[in-house]
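Asker: mind folding the following:
(chains A and B)
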Protein chains: 2
Amino acid sequence: MAARRPALDEATLIGRYFARRSPANRGVILGIGDDAAVTRLPRGHELVTATDAIFEGVHYPHGTPPRAIGHRCLAVNLSDLAAMGATPLWASLALSLPRATDAWLREFSAGFFALARTWNVALIGGDTVRGPAGATVTVQGHVRRGRYLTRDAARPGDGIWVTGRPGDAVAGRLQLGVRGASLLLRQRFLYPVPRLREGRALVGIASAMMDVSDGLHDDLGKLMSASGCGADLDAGRLPLSRRLVSAVGREAARHLALCGGDDYELLFTVPVRREAQLARTISGWALPVTRIGTVRRAAGLRWSMDDKPFRFRDRTFRHFA
Amino acid sequence: MAARRPALDEATLIGRYFARRSPANRGVILGIGDDAAVTRLPRGHELVTATDAIFEGVHYPHGTPPRAIGHRCLAVNLSDLAAMGATPLWASLALSLPRATDAWLREFSAGFFALARTWNVALIGGDTVRGPAGATVTVQGHVRRGRYLTRDAARPGDGIWVTGRPGDAVAGRLQLGVRGASLLLRQRFLYPVPRLREGRALVGIASAMMDVSDGLHDDLGKLMSASGCGADLDAGRLPLSRRLVSAVGREAARHLALCGGDDYELLFTVPVRREAQLARTISGWALPVTRIGTVRRAAGLRWSMDDKPFRFRDRTFRHFA
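Answerer: Residues are numbered from 1 along each chain as shown, chains lettered A, B, ... in the order given. You can find the predicted model right below:
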């Protein structure tokens, strides 16, 4: 039993790093410190809930800065809400650590709360346990009644679009320990940006949406399969970043964009009749939005480039997955 | 990258063991299978959210039956809702496993869903990852506006009460691998019963409430400290079970009841003016409810027995905690 006692007890740890650092936010009636939190949802709204876990050695390499881990465990969940077109409200954090050190917790909580403040997400509870290094976050958000997007409503003829520059993040991950590697690519892995504003703006325009976490090709397959469709895709249109191409070459860049994962971009489909509306909506965005293909009736993904079939080896990051 | 691929992929695993086994329930608009779940809270109600993580080797020993792990990860969270007087609605499960085997998952999900069906809790989402054996659950429930109990409202003069037989669970845990040990004690550790009905019935009667998970003495300290009070307690009134006393003797039984943990009973305080109402309410319960002391103004816990100070060594199970 004595061996179970860590240097820093839970109450001290929560008080020092978590309890009073959360942004105040709408609807929190009872926050951290009791058996459960009590919150109030805006009238006429529905609750949107996502849960994602990240563990060292699986979702991020040993040696990842704790600030990036704090950012990441919240970001991957906010990305799920973005994919629904939802607005985040509250988060719960289950933090598991082999040892609780002040230095680690200071950095972790700094990363977590910097992102939480950006989106006004209140930490309302959770759990800290001695165990393998990892963090599980549940984020709760809201949408006006019925105003959310799912994966299952893409229809033949819809255009297929993606935000940002898929492939950068995985390249950054592969280069984490490499001297002289691109700092910008590394940041794209370490500090993914949840596309919450963009996700919300696409409600009423997109027919289906999801976030890209397991690789564009794999996630495209999931979206089409959920919608009972397939897709014609143009590998020549993949929005490769210049820094990715200069770091690994154009062919490898294409492969990473298709099979890399960890992008946390939005993948969505838009009916032809809403293309003008889409164009108006995205015209003000700094984020690139690129059409990479068209939904078709027949199942399966058919990639081409320069009007020839485009082949690649499907090796996706999968965490059971 | 290839080493990341497990035998059973995530979609198969979720489809086979989780997706279609959840009870249908109020307010689930979009359940498992998309980026997030969409649910609707009853009008005029507030949302109550709890998150607890359990890991092998920390919260349950290696060799614990997977059915008990499935039960436990949900039960400990339901116990948190019970402590608020809330009614559970939905759960999210982040399951982490070194290997996903069908036999393990069949048993785990059987344990999880048996309890979920008892309380009509819908599984609305989560995550399955390859990693250290453990499960993090977030449970969401509801209360009528303002109708919940917290830890911070005990007042001097209130009686201090506890449900059930604290100490049984930890004795069962210590005897897990022991031949000829009490099956009933073991069951009390392996299958804790969340006191949801009792918790709800105590709203409007109790002044403060929490669940006993870290040991009665430790948790009493937390409740009194949150309320800015102390307590006079009678160790002679501890509701020790006959099987606990016969298994370990009366003195050890008292120690386990005070410092054991894993009880998941309710600890609550009741103002004198509501004692008659309490008596009426608990008269129909099969569960014993015992008064063990009185809240006093001065901080600290003062244990006595036979009108003499009662001393014991405080060795509590703590998971950072």
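
Asker: okay, now the unreliable bits of the stretch 1-150 of chain A?
Answerer: Low-confidence segments of the stretch 1-150 of chain A, defined by pLDDT under 70: A:1-7.

Asker: what's the longest helix anywhere in chain A packed up against?
Answerer: With DSSP state H setting the assignment, residue counts place helix A:66-84 as the longest helix in chain A. On a contact count with 3 or more CB pairs under 8 Å, 6 or more residues apart in numbering or on different chains; DSSP states H and E, helix A:66-84 meets strand A:45-55, strand A:87-97, helix A:102-118, strand A:134-144, helix A:183-190, helix A:196-201, strand A:208-212. To be clear about C-beta, it is placed using only N, CA and C from the backbone, and glycine gets the same treatment.

Asker: as a markdown table, those with distance to B:Gly230 and mean neighbour count would be great.
Answerer: Converted to a markdown table, those look like this (distance: least, CB to CB, whole Å; neighbours: other CB atoms under 10 Å in any protein chain shown):
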| stretch | distance to B:Gly230 | mean neighbour count |
| --- | --- | --- |
| strand A:45-55 | 39 | 26 |
| strand A:87-97 | 31 | 27 |
| helix A:102-118 | 31 | 18 |
| strand A:134-144 | 35 | 27 |
| helix A:183-190 | 48 | 20 |
| helix A:196-201 | 47 | 20 |
| strand A:208-212 | 51 | 27 |
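
Asker: please convert the ones you listed to a markdown table, extending it with distance to B:Asp234.
Answerer: Listed next are the helices and strands packed on helix A:66-84 as a markdown table, based on distance: least, CB to CB, whole Å:
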| stretch | distance to B:Asp234 |
| --- | --- |
| strand A:45-55 | 43 |
| strand A:87-97 | 37 |
| helix A:102-118 | 40 |
| strand A:134-144 | 41 |
| helix A:183-190 | 56 |
| helix A:196-201 | 55 |
| strand A:208-212 | 57 |
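
Asker: format the ones you listed as a markdown table; extra columns: distance to chain B.
Answerer: Formatted as a markdown table, the helices and strands packed on helix A:66-84 follow (distance: least, CB to the nearest CB, whole Å):
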| stretch | distance to chain B |
| --- | --- |
| strand A:45-55 | 4 |
| strand A:87-97 | 4 |
| helix A:102-118 | 11 |
| strand A:134-144 | 4 |
| helix A:183-190 | 15 |
| helix A:196-201 | 10 |
| strand A:208-212 | 6 |
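
Asker: mind checking which of these is nearest A:Thr163?
Answerer: helix A:196-201 (5.9 Å; CB to CB).

Asker: what mean pLDDT does the closest one have?
Answerer: Averaged over helix A:196-201, pLDDT sits at 98.

Asker: I'd say A:Pro239 and A:Arg291 touch.
Answerer: No: with contact defined as CB atoms under 8 Å, A:Pro239 does not count as touching A:Arg291 (9.7 Å).

Asker: out of the helices and strands packed on helix A:66-84, nearest to B:Ala37?
Answerer: Among these, strand A:45-55 sits nearest to B:Ala37 (CB to CB), with 4.9 Å.

Asker: so in that sheet, which strands flank the closest one, and in what orientation?
Answerer: Paired strands of strand A:45-55, with direction, are strand A:134-144 (antiparallel), strand B:37-39 (antiparallel) (DSSP bridges).

Asker: measure the spatially closest residue to A:Pro194 that is not a sequence neighbour to chain B for me?
Answerer: Of all residues not flanking A:Pro194 in the chain, A:Leu78 sits nearest, at 3.6 Å (CB to CB, 6 or more residues apart in numbering or on different chains). Computed as CB to the nearest CB, to the nearest Å, the A:Leu78 to chain B distance reads 10 Å.

Asker: OK, contacts around A:Leu78?
Answerer: A:88, A:115, A:119, A:121, A:139, A:194, A:196 (CB atoms under 8 Å, 6 or more residues apart in numbering or on different chains).

Asker: re earlier: who has more neighbours out of A:Pro239 and A:Arg291?
Answerer: Legend: neighbour count by other CB atoms under 10 Å in any protein chain shown for A:Pro239 and A:Arg291, higher for A:Pro239 (18 against 15).

Asker: now do the SS call for that one.
Answerer: Following DSSP: H, G, I helix; E, B strand; the rest coil, the label given to A:Pro239 is coil.

Asker: let me see the contact set for it.
Answerer: Here A:Pro239 is in contact with A:162, A:164-166, A:257, A:288, A:290, A:292 (CB under 8 Å, 6+ apart).

Asker: can we see that at 10 Å?
Answerer: By CB atoms under 10 Å, 6 or more residues apart in numbering or on different chains, the contact list for A:Pro239 reads A:162-167, A:257, A:265, A:288-292.

Asker: can you add pLDDT, secondary structure and distance to chain B and give those back as TSV?
Answerer: What follows is the contacts of A:Pro239, written out as TSV (pLDDT from 0 to 100; DSSP: H, G, I helix; E, B strand; the rest coil; distance: CB to the nearest CB, whole Å):
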residue	pLDDT	secondary structure	distance to chain B
A:Val162	98	strand	15
A:Thr163	98	strand	14
A:Gly164	97	coil	17
A:Arg165	97	coil	21
A:Pro166	97	coil	17
A:Gly167	96	coil	15
A:Ala257	96	helix	16
A:Glu265	98	strand	13
A:Pro288	97	coil	22
A:Val289	98	strand	19
A:Thr290	98	strand	21
A:Arg291	98	strand	21
A:Ile292	98	strand	19
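
Asker: what's the most distant pair in the residues you listed?
Answerer: A:Gly167 and A:Arg291 (17.1 Å).

Asker: get me the contact residues on the stretch 151-300 of chain A for chain B.
Answerer: Contact residues, the stretch 151-300 of chain A versus chain B (CB under 10 Å from any CB of the partner chain): A:151-152, A:174, A:199, A:208-211, A:213-214, A:222, A:225-226, A:259, A:261.

Asker: for the residues you listed, which one is nearest B:Arg43?
Answerer: Nearest to B:Arg43 among these is A:Gly199, at 27.1 Å by CB to CB.

Asker: which residue is the nearest non-sequential neighbour of A:Thr294?
Answerer: Spatial nearest neighbour of A:Thr294, chain neighbours left out: A:Asp232 (5.2 Å); criterion: CB to CB, 6+ apart.

Asker: what helix or strand is the one you found on?
Answerer: Element membership of A:Asp232 [criterion: DSSP states H and E] is strand A:230-234.

Asker: show me what that strand is packed up against.
Answerer: Contacts defined by 3 or more CB pairs under 10 Å, 6 or more residues apart in numbering or on different chains; DSSP states H and E place strand A:230-234 against strand A:159-163, helix A:216-227, strand A:289-296, strand A:300-305.

Asker: please redo it, this time with the cut-off set to 7 Å
Answerer: helix A:216-227, strand A:289-296, strand A:300-305 (3 or more CB pairs under 7 Å, 6 or more residues apart in numbering or on different chains; DSSP states H and E).

Asker: thinking again about what came up before, who's the residue nearest to A:Thr294 bridged to?
Answerer: Residues in beta-bridge contact with A:Asp232 (DSSP bridges): A:Thr294, A:Arg302.

Asker: how about A:Thr163?
Answerer: Bridge pairing for A:Thr163 - DSSP bridges - gives A:Val289.

Asker: on that earlier part again, ok, which of the strands paired with strand A:45-55 comes nearest B:Val272?
Answerer: Comparing the strands paired with strand A:45-55 by CB to CB, strand A:134-144 comes nearest, at 39.2 Å.

Asker: okay, now the domains of chain A?
Answerer: Per the record, chain A has its domains at A:7-144, A:159-309, by automatic domain parsing.

Asker: any idea which of those is most buried?
Answerer: Stretch with highest mean neighbour count among the domains of chain A: domain A:7-144 (a mean of 22; mean count of other CB atoms under 10 Å in any protein chain shown).

Asker: distance between that one and the chain's centre?
Answerer: Using CA atoms, centre = their mean, to the nearest Å, the mean C-alpha position of domain A:7-144 is found 14 Å from that of the whole chain.

Asker: so A:Val28 sits against A:Thr39, correct?
Answerer: Yes: counting by CB atoms under 7 Å, A:Thr39 is a contact partner of A:Val28 at 5.5 Å.

Asker: give me the common contacts of these two.
Answerer: The contact sets of A:Val28 and A:Thr39 overlap at A:90, A:124 (CB atoms under 7 Å, 6 or more residues apart in numbering or on different chains).
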